[in-house]
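*Asks:* have a look; sequence and predicted model below, questions after that.
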Amino acid sequence: MSQTQADTRSSAAAADGQLDAIVIGAGFAGMFMVHRLREQGFTVHGFEAGEDVGGTWYWNRYPGARCDSESMYYSYSFLPELEQEWPLDERYPGQPVILRYLRHVAERLELREYFTFGARVVSATYDDDTNAWTVRTEDGTQARARYLITAVGCLSTANKPVFPGAEQFAGRSLHTGAWPHEPVDFTGQRVGVIGTGASGIQAIPVIAEQAGHLTVFQRTAQFTIPAANGPLDQDFVAMWKQNYQEWRRRGRYSRGGIPYPASVTSALEVSEEERNAAFEGAWDQGGFMFSQGTFYDLVVNEEANQTAADFVRTKISEIVHDPAVAEMLKPHTFPFGTKRLPLDTNYYQTFNRPNVTLVDLRATPIEEITPAGIRTAAGEYDLDIIVYATGFDALTGPLLTLGIQGRDGKALAGAWAEGPKTYLGLSVPGFPNLFTITGPGSPSVLSNMPVSIEQHVEWIGDCLGYLREHGVDTIEAQPDAMESWTEHVQQVAGHTLFPKAASWYMGANIPGKPRLFLPYIGGVGNYRDKCDAVAASGYEGFDLAQARAAAPA
């Protein structure tokens, strides 16, 4: 089938609702998935809640929003001409740059016509008789397809904790995960930021530079390491682009999607002087080399981990002038690196500013949000703006909001009542022809996301091609395969210190959410090999069947 024929068929199919595949989301994952299936001659259409492409980077526009994967890695690998053309200016790309990149790709590949924007999906229901999924949006639009593919991201459903009195606040309330598109002027304003996770750590220094006064409400002190962001040397960029394909290849078979050199040295087998020198060098270099390139046992050995934690706590004391504030900023309740490790720009230094106050919510919890501001157990703070930097309902939240119902009307929320169990993070028993890009049980948030996204999109595209070639109508994960994979995911995590932290990796930031380690920590290279082996075996762990009735054309 020619590209013109495929485009014509896709447009006609979208018009009458009869499709091969529906894709939900128009970020990195959704855009590539639609492109890939279109190239394979499938009829495909996407639905996106936002008014344009961008996904996470369409919504997350808060001050200081920046990727913590370096610019060289945070892009598509399937567009070799674009990777040579696209300018690499800063070490870490900011939100406006990433959004501009995705919009450029959408234009370059003519993808927008394959999406309906401003269309928030509220239900997706599987029909056993026709082997089809029906998707409905908030405005009543519906479409049907044989395959349903979610590309909704891992961190796209904002966690909005309920504080007593929040609705009566007379000022402006904002959430970092749903930031306004127009600029927010903090000049001279009394601003309160609730939360010191990754988004708060990025936003706080920028807001502090503008605000009349900034009050930071911290529940849990965080470990954070310098990003050391700055302009990229263009000779380095030219060298990098000459070897792009090799760096891409290494990233695909690395631990986290970025080919950092792996350390073979234990933090406990060197002298304290040597160890601190290694930490100091990595601290100055910035980025994840501190956690991934110094010593191999930082997240598997408690004694080794303590050396890194002590180093960072010492750094906090060196940076923050007020000893009492420094102590409040020092984490003591979880091992280093077992919560998401943010990269910061002048985060600790910000607390030396005279217009910044730190409030320890462990000592003085929030009792109420009043019309004038926030009242804690210690007193009231008058505010003009409250910024909720309270994170996301990670991995499961974006999927559960879709209202997915599989065989016999079984809801995905019910299937995951005791925690999200999947086969490879891609499929769930009882939900035929449903694929979840970077779902729970895949490397996803523990990796450079474009690498994991591309691997999933390519695997799904190949799978659908195989099903078409072999006349298969439904593919569904087997319960035993799901249980075995979920057990493996938990066992691998159990060999690390990660489960010791009450983190969103464990679902611990959402009241009532079952505790289960959500991503796969075994590495993107090992995971890729497993997925490839499953495909090579004719999709071991899946049931492949002919339809009982005719499927949509």
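*Replies:* Sure, I can see it.
*Asks:* near Tyr381, how many other residues are there?
*Replies:* Using other CB atoms under 10 Å, the number of residues around Tyr381 comes to 20. C-beta coordinates here come from the backbone N, C-alpha and C atoms, glycine included.
*Asks:* ok, it touching Thr370?
*Replies:* No - with contact defined as CB atoms under 8 Å, Tyr381 does not count as touching Thr370 (9.5 Å).
*Asks:* and Glu483, what's its pLDDT?
*Replies:* For Glu483, the model assigns a pLDDT of 98.
*Asks:* nearest residue to it in space, please, no chain neighbours.
*Replies:* Lys421 (7.0 Å; CB to CB, 6 or more residues apart in numbering).
*Asks:* and what of Met328?
*Replies:* Met328's closest residue in space is Asp360 (CB to CB, 6+ apart), at 4.9 Å.
*Asks:* give me the distance between the one you found and His321.
*Replies:* Remark: distance between Asp360 and His321 (CB to CB, to the nearest Å) = 17 Å.
*Asks:* what about these two, which has more around it?
*Replies:* More crowded of Asp360 and His321, by other CB under 10 Å: Asp360, with 20 against 11.
*Asks:* from memory that one sits against Thr220, does it?
*Replies:* No - using CB under 8 Å as the test, Asp360 is too far from Thr220 to be in contact (10.0 Å).
*Asks:* picking that back up, for the residue nearest to Glu483, grab the count of nearby residues.
*Replies:* Residues within reach of Lys421, counting by other CB under 10 Å, total 20.
*Asks:* can you tell me the element it falls in?
*Replies:* In the assignment (DSSP states H and E), Lys421 maps to no helix and no strand.
*Asks:* what about the residue lying closest to Arg313 once chain neighbours are set aside, distance to Asp360?
*Replies:* Counting by CB to CB, 6+ apart, Lys330 is the residue found nearest to Arg313 once chain neighbours are left out, at 4.6 Å. For Lys330, the distance to Asp360 equals 11 Å [CB to CB].
*Asks:* what's the answer for Pro180, then?
*Replies:* According to CB to CB, Pro180 and Asp360 sit 30 Å apart.
*Asks:* repeat that for Met72.
*Replies:* Met72 sits 39 Å away from Asp360, taking CB to CB as the criterion.
*Asks:* which stretches of the stretch 351-500 of the chain have low pLDDT?
*Replies:* For the stretch 351-500 of the chain, no stretch is flagged by pLDDT under 70.
*Asks:* show me where it has helices.
*Replies:* In the stretch 351-500 of the chain, the helices defined using DSSP state H, counting those that start in this stretch lie at 397-400, 412-415, 449-469, 479-494.
*Asks:* now these in JSON lines, with mean neighbour count and distance to Asn509?
*Replies:* As requested, the helices of the stretch 351-500 of the chain are exported to JSON lines (neighbours: other CB atoms under 10 Å; distance: least, CB to CB, whole Å):
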{"stretch": "helix 397-400", "mean neighbour count": "21", "distance to Asn509": "10"}
{"stretch": "helix 412-415", "mean neighbour count": "16", "distance to Asn509": "18"}
{"stretch": "helix 449-469", "mean neighbour count": "21", "distance to Asn509": "20"}
{"stretch": "helix 479-494", "mean neighbour count": "16", "distance to Asn509": "17"}
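*Asks:* does Val122 belong to a helix, a strand or coil?
*Replies:* Three-state assignment for Val122 (DSSP: H, G, I helix; E, B strand; the rest coil): strand.
*Asks:* near it, how many other residues are there?
*Replies:* 14.
*Asks:* wait, it sits on Thr137?
*Replies:* Yes - Val122 is within contact range of Thr137, at 6.5 Å (criterion: CB under 8 Å).
*Asks:* is it true that Arg528 touches Arg252?
*Replies:* Yes - using CB under 8 Å, Arg528 is in contact with Arg252, at 6.4 Å.
*Asks:* any residues in contact with both of the two?
*Replies:* Gln455 (CB atoms under 8 Å, 6 or more residues apart in numbering).
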